[in-house]
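> what shape does this take:
(one chain, ligands or ions: 1)
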Amino acid sequence: MTRQPIQQFAIRNPRLAAARFQTISDLRPTLAIVLGSGFHATAHALEVDAEIPYAKLPGFPRASVTGHVGKALLGTMGGTPALVLSGRAHYYEGYAMEEVTFPIRALAAFGIQAVLLTNAAGGINRRFRAGDFMALSDHINFMGVNPLRGSGAHDKSRFVDLTRAYDPDLNRLLKRAAREAGCVLRTGVYLAVSGPSYETPAEIRAFARLGADAVGMSTVPEAIVARQCGLRVAAVSCITNLAAGRSRHLLSHADVLAGAEQVKQQASRLLSNLARFYGRKNPESGTKSEE
Ligand code: HPA
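Numbers count the residues shown, from 1 in each chain. Sure, this is the predicted structure:
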């Protein structure tokens, strides 16, 4: 019997996608923001210089979930140059981990130094309310896979340290940004599941005992690959709902999107404040002419 090759798709060179970013704009940001469910309206807080659909970025997967757009935007947010990825591919859609995390490798190849990952999550911590935000202090990877498994990036170590995966300085900026935006920002541990079903109440009770404050289906693979690429990482969840069994309601994707819709203005303010504070601390983040 002939063995099937382990890798069934060709991994593209992230430099090709990075080169596209270079051709569409003179901006050379060092900050990137990945907009997940609940944060798409934030794209309006960006003064757009150029945009490009993922379909035109070699190696980028096409996001297919409702509420996910699938384009990259270059512009300034809060006066700071930033690259915004609006929409992401999820593991539960059937993409390989290499595909889910490819955009992060493209960001690193483009010169991004810090990435803010955003997502919608269910609140496990009993103090959390729908509409709160949570800065990730750490994560638990419960997806059953690791994005660094296999032969994705030969030039980098697979054995990535995750002791301080989420950058304490960026988290401090997030706290200030939240204070000015008037939103409730909790801090906590995000547990990632593969989905796409929501959890059972028994799973949520178990996750609480493991130390999780919120649960979601994204972010962790990107954070791990970003750390492998040497990027500073921050991540923020919009607590769109209480996790299964934490309220009397049943869960639906429509309700998650509706929960996000209610706090979209706060989310925009939070991210644009973060970009502004980041720009003040990192004035080198700029344009081509400054290179
Ligand atoms: N569980 C998993 N993922 C989620 C949830 C949830 O309750 N809410 C938003 N994303």
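
> what is the neighbour count of Glu47?
Using other Cβ atoms under 10 Å, Glu47 has 13 neighbouring residues. All C-beta spots, glycine's among them, are computed from the backbone N, C-alpha and C.

> pairing partners for the helix or strand containing it, with directions?
Secondary structure here is read from DSSP states H and E; on that basis Glu47 sits in strand 46-53. Take DSSP bridges as the rule and strand 46-53 pairs in its sheet with strand 71-77 (antiparallel).

> could you give the bridge partners of the residue in the stretch 51-200 of the chain that the ligand sits nearest to?
Each residue of the stretch 51-200 of the chain has a distance to the ligand, by Cβ to the nearest ligand atom, and the smallest belongs to Gly122, at 2.2 Å. According to DSSP bridges, the residues that bridge with Gly122 are Val215, Asn241.

> go ahead and confirm it touches Cys238.
No: the pair Gly122 / Cys238 is not scored as a contact, 10.6 Å apart, by Cβ atoms under 8 Å.

> what does the stretch 101-250 of the chain have sitting close to the ligand?
Proximity of the stretch 101-250 of the chain to the ligand is confined to 120-122, 198-199, 215-217, 240-241, 243 under the rule Cβ under 6 Å from any ligand atom.

> go again with 5 Å.
Counting by Cβ under 5 Å from any ligand atom, the positions of the stretch 101-250 of the chain adjacent to the ligand are 120, 122, 198, 215-217, 243.

> redo these as a markdown table? Include pLDDT.
Compiled in a markdown table, those are given as follows (pLDDT from 0 to 100):
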| residue | pLDDT |
| --- | --- |
| Ala120 | 94 |
| Gly122 | 96 |
| Tyr198 | 96 |
| Val215 | 98 |
| Gly216 | 97 |
| Met217 | 97 |
| Ala243 | 97 |
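
> distance to Lys71 and neighbour count for the residues you listed - can I get that in JSON lines?
Written out in JSON lines, the entries for these read as follows (distance: Cβ to Cβ, whole Å; neighbours: other Cβ atoms under 10 Å):
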{"residue": "Ala120", "distance to Lys71": "19", "neighbour count": "23"}
{"residue": "Gly122", "distance to Lys71": "27", "neighbour count": "28"}
{"residue": "Tyr198", "distance to Lys71": "28", "neighbour count": "19"}
{"residue": "Val215", "distance to Lys71": "28", "neighbour count": "26"}
{"residue": "Gly216", "distance to Lys71": "22", "neighbour count": "27"}
{"residue": "Met217", "distance to Lys71": "21", "neighbour count": "24"}
{"residue": "Ala243", "distance to Lys71": "30", "neighbour count": "28"}
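
> who's in contact with the nearest residue to Val193 once chain neighbours are set aside?
The spatially closest residue to Val193, leaving aside those adjacent along the chain, is Phe142, at 5.3 Å (Cβ to Cβ, 6 or more residues apart in numbering). Residues in contact with Phe142 (Cβ atoms under 8 Å, 6 or more residues apart in numbering) are 191-193, 207.

> so Ala260 versus Phe39, what's the distance?
From Ala260 across to Phe39, the span is 7 Å (Cβ to Cβ, to the nearest Å).

> those two: which has the busier surroundings?
Higher neighbour count among Ala260 and Phe39: Phe39, with 29 against 25, using other Cβ under 10 Å.

> list the contacts of the closest residue in space to Gly259 that isn't next to it in sequence.
The shortest distance from Gly259 to any non-neighbouring residue, by Cβ to Cβ, 6+ apart, is to Thr240 (3.3 Å). With contact taken as Cβ under 8 Å, 6+ apart, Thr240 is in contact with 37-38, 120-122, 130, 255-257, 259-260.

> Arg126 too?
The contact partners of Arg126, by Cβ under 8 Å, 6+ apart, come to Arg246.

> can you rerun that using 6 Å?
Neighbouring residues of Arg126 by Cβ atoms under 6 Å, 6 or more residues apart in numbering: there are none.

> please begin residue numbering at 36 from this point
OK, 36 is where the count begins now, so the last one is Arg161.

> tell me if it really is in a strand.
No: in this structure, Arg161 is coil, not part of a strand, as judged by DSSP: H, G, I helix; E, B strand; the rest coil.

> need the residues of the stretch 136-285 of the chain next to the ligand in TSV with distance to Arg140, can you?
Below are these laid out as TSV (distance: Cβ to Cβ, whole Å):
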residue	distance to Arg140
Ala155	24
Gly157	29
Tyr233	30
Val250	26
Gly251	22
Met252	21
Ala278	31
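
> show me where the chain has strands.
Under the criterion DSSP state E, the chain carries strands at the ranges 62-63, 66-70, 81-88, 106-112, 115-121, 149-158, 168-176, 220-227, 249-251, 267-277, 321-322.
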